[in-house]
Every structure is written in C-alpha cells, then in structure tokens.
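Novice: generate a structure from the sequence data that follows.
(2 chains)
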Amino acid sequence: MRTTAPTLTKPAPSVSPTPEQAGAVRGEEVVRLQGIRKSFGTNEVLHGVDLTVHQGEHVVIFGPSGSGKSTLLRTINLLEEPSEGSVQVLGVEYGPVVPRKQRGNPVELRRRVGMVFQQFNLFPHLTALHNVSLALRAAKGMRRAEAEERAAQSLRQVGLLRFAARYPGELSGGQQQRVAIARALSLDPRVMLFDEPTSALDAELVGEVLAVMREVAESGMTMVIVTHELGFAREIGDFNVFMDEGVIAESGPRGFFDNCTNPRTRQFMAAVL
Amino acid sequence: MLASYDWGLIWTHRGEFLDGLATALEVSAVAIVISVFVGLLLALARMSRPPLSWAAAVYINVFRGVPALVSVIWVYFGWSLLLGINFSVFQAGVIALVLLYGAFISEIYRAALEAIPRGQREAGLAVGMQPIRVFVQVVLPQATKIAIPNIGSMFIGMVKDTSTFTVIGLLEVVRVTQNLNSTTFQPFVLYTAAAGLYVVVAFALDFLFRAIERTLATPPSGSLARAAHRRRQQRVDAVVKRVEAISGAR
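Specialist: Residues are numbered from 1 along each chain as shown, chains lettered A, B, ... in the order given. Model (predicted):
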C-alpha cells in the first residue's frame, strides 16, 4: 500500500499528472470532484467542493448532520446530479460542465463504482443470493448460472454463504448490510462508496460490518466512507475530510484526528469522541 | 293472486344460470387482465410530467365517475353511431370495463408505486442497472405485491358491473334472470338466485387473490407457492454447495 499522503485539490491543478507520474507518486486518480455545487430548490447544500481520490486510498468524510457529506458522496455515482462542477471518474467527465451528449453515461459510471447505503436497500423480494446475482446479470450481462455462482462467492467473502437462500427480512441488520457489501463488491468496482454504513445498526451489530469493511480495505480497494464511527475513521482513513455547512472545513492525511487545527473540527470531535 | 315461491325453478334452470355466470366471468377475466396493464400505464402517465400527467388525471377522474351502464352504452351504441365501429356485445362489455377499471387500477398502482422506498430505485441504479430494468425487476414486483389485494376487490366489482350489460343484450346473469322471469313470473326466487351467484363469485375471488398474495409473500407461504419456493431453495443450495466445494478445495 502507498505511504505518500494524498492531497485535497483546493484550486485544482490545471495540468493533470501523466499516468506514469501519477502511478509513481500517488496512484491513479479514480475520482476527481471540482467545484461541486448542489441545490435542492433554492437551498444550496454544497457550496463548491473539491476532492480527489486516488487508487487504493481510503478517504473518510465526517461532519455534523446536514453538512452535505452524504450528498457529496452521492454526486460521485450521480445519484445526485451536481448543479455545477465537474465529476470525473476514471478520467471520464460526468458533471454538468460539458454539454449533455459529451458526458459519460451514468449507467457505465455506476458499473465501476460500488455503493453501500445507510438503510442497506436490499431488494426484499429476492433472496440474498439473487440480490447479488441480479446485479451481476444486469451490470455484467452474466448468464444466470454464472451470476449465481459468482454471487455465492461474494457471499462467502462476507461470511454469509450459508444464508444465501434467506430473504432480507429473515436477516439481521448487520447481515443485510454485509449482503449489500457483497452485492457491490461482486461487480469488481474500482471504488466503493459507503454512506454511513453502520448508522442504522444496533450497536452490537456494528462490529461485524466494520470487520468486513476492514477486510475490503486491506484488499486494496479504493474507498470513500461517510461515517460517524470516528474510531474506525482514525484507523482506516488515509485521507480525512471534515465537512461543515456544505464545504470542506478541514482535511488532512493520517494523523489528522490529532493534528486538526480548525476550531469547528476540534469542537465536533470533542463532542463525538 | 297469491303467488307461491317455486324454488325448484333455480335447479330446473341451473344450466342457463351457469351459462350466464360463465359469460360474466369471461368478460371480467379478460377485462381485469387488460385493465391491469392499462392501469399501470395510466399510473405512470399520472406520475410523469405535465401535460401528460394532466391528461391522465382528467381521464382518471372522468372514468372513475362514469357508471358502467353509461360506459357500455357509449361503447356499444355511441361508437357505432359516431365512429361506425361495431363491436360484439362481448367486446363492448370488455372495453366498457377496461375504460372504467383502468382508471381505478391506475390509482391503486400509483399508491403502490409511491409506497416503494426511494432507496430501492437508488440501489438498483447504483449497481449499474438500466433505469427501465430497475423499474421492471425491482420496483414493479414490489408494487404489484402491494396492489394485488385491491386489484382483487376490483375484479369482484367488475363481475357485479357486468349485470348492467343486460342493456346491450349480453347473456350474463341478470339477462338470463330477466328472460326466465318473463316466462315464469317468479322475480323474488330468480333474483335471489342471481344474487347468490354473485356472492359465491365474491367468495371465490377473495380466496383466489389471498392465494396469490401468499404466493407473492417473501418467503412465500401457502400451498400454491410451496413447490416453486422449494425449487428455488434447492437451486440456491446447489450453487452454495458447488462454491463451498470449490473454496474447500483451495
């Protein structure tokens, strides 16, 4: 794993590094957000945010409720269309900065970006196995038998193979979230987005989900994690972002939790930790 | 004249009654299937942008207000006069029902579709499914499950509404009853028999739709679903065993 600290591009550099340079220094850029603004009606919730995520990096985003962290995460796979700004994933532009027909296809984008939701969002009418295999058939065009076998392997990865025939309603919250992680992982995404993956769980179920996420991180997966679990964030975060009122108030590499200087950040951490 | 009730008439004319019932059920069965499709399309139109949503809203409110009797007279006599289209009484009955019940079922579907959490659609999109596929494979099955009991009620209502199709001469239960009455003069006996038939149909359809509901439940329960469910479980188990064998060998 890389040791160099990733950087937050505040005013973005005008020239992006060549692949060789990038590979040598900090890994390929997987996600690059520039000047992201998002309004719901007249209410602007993101006021111009820049964030770059490199290959293999684990970016942690935290901050108070309503600070825009989930919205920011959701712009990466275009579940929220930014009102302004550039969304680049693996070098393809998806944001509204260019005319619509020159933008990448959101469906293609999402096939390379996995997402895990706070409320799991498993399909309740399908078994655990078919939750995963439906995604594989739809996104990868796999045939049924192949998709089911690959889905079973994914469930095994999260330790739930023996629950393959269960419906989501027959699983605990922690198990459901692990199935959701398996569903996203099975597509071999280049980056995984986690939107408060443990916030809806009973305290005793948080550990099993964090354990699976830790394994995903150790496998070298690029991850962007919105979380309130600051202990986990401190452990896993290669790059840490504190958001407040629609902007990045402060960010920094490992050690951020001890070195942050912004009074708002310190105030938040004091309240949470 | 002191009339005596001749209940034996019902048994004597059981063949006519049952033919009338069969006709009523055939018209309704064809109409409910088409109405579900029409209702779904209307619901989607109603949930889309103006002006399409306005057009759908107007249609729905008009046809929820029109009685079946008027609807079938429009279709059978009106369209024939205005447009020169001549339907058979069977076709006219089906169309009249679809016009009305498409409107009712669209509101049932709209409520069901709106009851599906936004996260379901988002999860489908997030795994790279095309939006249309998300609708067909994720949202629609869940919404249909919610809509089924109400669609069952609509079916029962439809069978009753076929009674008005006596005006176009469809040989359904009421028409049969009227014909028998004109020769036997036993209205109380004959119409009580007719009512009894409608009630039996209501019970039978209620039973049928409960069975469908149980079949669609997760996990499915009820005898209808058990076989299909068992097959699915076996299939999953087979996949699990295969993968366990592979990973065990590694």
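
Novice: need the next SSE after the helix-or-strand element of chain A with minimal mean pLDDT, C-terminal direction.
Specialist: Lowest on mean pLDDT, DSSP states H and E among the helices and strands of chain A sits helix A:19-25, with a mean of 42. The element immediately downstream of helix A:19-25 (helix or strand, assigned by DSSP states H and E) is strand A:29-40.

Novice: which helices and strands sit right next to that next one?
Specialist: strand A:43-54, helix A:69-76, strand A:84-89 (3 or more Cβ pairs under 8 Å, 6 or more residues apart in numbering or on different chains; DSSP states H and E). C-beta: built from backbone N, CA, C; applies to glycine.

Novice: just those: most buried one?
Specialist: Using mean count of other Cβ atoms under 10 Å in any protein chain shown, the stretch among the helices and strands packed on strand A:29-40 with the largest mean neighbour count is helix A:69-76, at a mean of 24.

Novice: which residues of the stretch 51-200 of chain A fall in helices?
Specialist: A:69-76, A:106-110, A:128-140, A:144-157, A:173-185 (DSSP state H, counting those that start in this stretch).

Novice: turn these into CSV, including mean pLDDT and distance to chain B.
Specialist: Formatted as CSV, those follow (pLDDT from 0 to 100; distance: least, Cβ to the nearest Cβ, whole Å):
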stretch, mean pLDDT, distance to chain B
helix A:69-76, 93, 8
helix A:106-110, 91, 4
helix A:128-140, 93, 4
helix A:144-157, 91, 4
helix A:173-185, 94, 6
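
Novice: tell me which element the most centrally placed residue in chain B is part of?
Specialist: In chain B, the centroid-proximal residue (Cα atoms, centre = their mean) is residue B:32; its distance is 3.3 Å. Per DSSP H and E, residue B:32 falls inside helix B:14-46.

Novice: spit out the contact partners of residue A:104.
Specialist: By Cβ atoms under 8 Å, 6 or more residues apart in numbering or on different chains, the residues touching residue A:104 are A:89, A:92, A:93, A:94.

Novice: could you do residue A:90 as well?
Specialist: Neighbours of residue A:90 in contact, by Cβ under 8 Å, 6+ apart: A:30, A:112, A:190.

Novice: count of residues packed around the closest residue to the last one other than its chain neighbours?
Specialist: Spatial nearest neighbour of residue A:190, excluding adjacent residues (Cβ to Cβ, 6 or more residues apart in numbering or on different chains): residue A:112 at 4.9 Å. Other residues lying near residue A:112 total 18 when counted by other Cβ atoms under 10 Å in any protein chain shown.

Novice: next one, pLDDT for residue A:112 please.
Specialist: The model reports residue A:112 with a pLDDT of 92.

Novice: which residues of the chain score low on pLDDT?
Specialist: Chain wasn't specified; assuming chain A. A:1-26, A:273 (pLDDT under 70).

Novice: was after chain B, sorry
Specialist: B:1-3, B:248-250.

Novice: spell out which parts of it neighbour chain A.
Specialist: Selection of chain B residues close to chain A by Cβ under 8 Å from any Cβ of the partner chain yields B:117, B:119-120, B:122-131, B:133, B:137-138, B:141-142, B:145, B:216, B:218-219, B:232-233, B:235-237, B:239-240, B:242-244, B:247.

Novice: the same query, at a cut-off of 6 Å, please.
Specialist: B:119, B:122-123, B:126-130, B:133, B:138, B:141-142, B:218-219, B:233, B:236, B:239-240, B:243 (Cβ under 6 Å from any Cβ of the partner chain).

Novice: helices or strands up against the helix holding residue B:32?
Specialist: If you count contacts as 3 or more Cβ pairs under 6 Å, 6 or more residues apart in numbering or on different chains; DSSP states H and E, helix B:14-46 packs onto helix B:52-65, helix B:89-115, helix B:140-161, helix B:173-184.

Novice: can you lay out the ones you listed as TSV showing distance to residue A:124?
Specialist: Formatted as TSV, the helices and strands packed on helix B:14-46 follow (distance: least, Cβ to Cβ, whole Å):
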stretch	distance to residue A:124
helix B:52-65	29
helix B:89-115	12
helix B:140-161	7
helix B:173-184	41
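
Novice: including mean neighbour count, could the ones you listed go into CSV?
Specialist: CSV is the format used below for the helices and strands packed on helix B:14-46 (neighbours: other Cβ atoms under 10 Å in any protein chain shown):
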stretch, mean neighbour count
helix B:52-65, 14
helix B:89-115, 22
helix B:140-161, 19
helix B:173-184, 19
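
Novice: among those, which comes closest to residue A:117?
Specialist: Proximity to residue A:117 (Cβ to Cβ) singles out helix B:140-161 among the helices and strands packed on helix B:14-46, at 16.5 Å.
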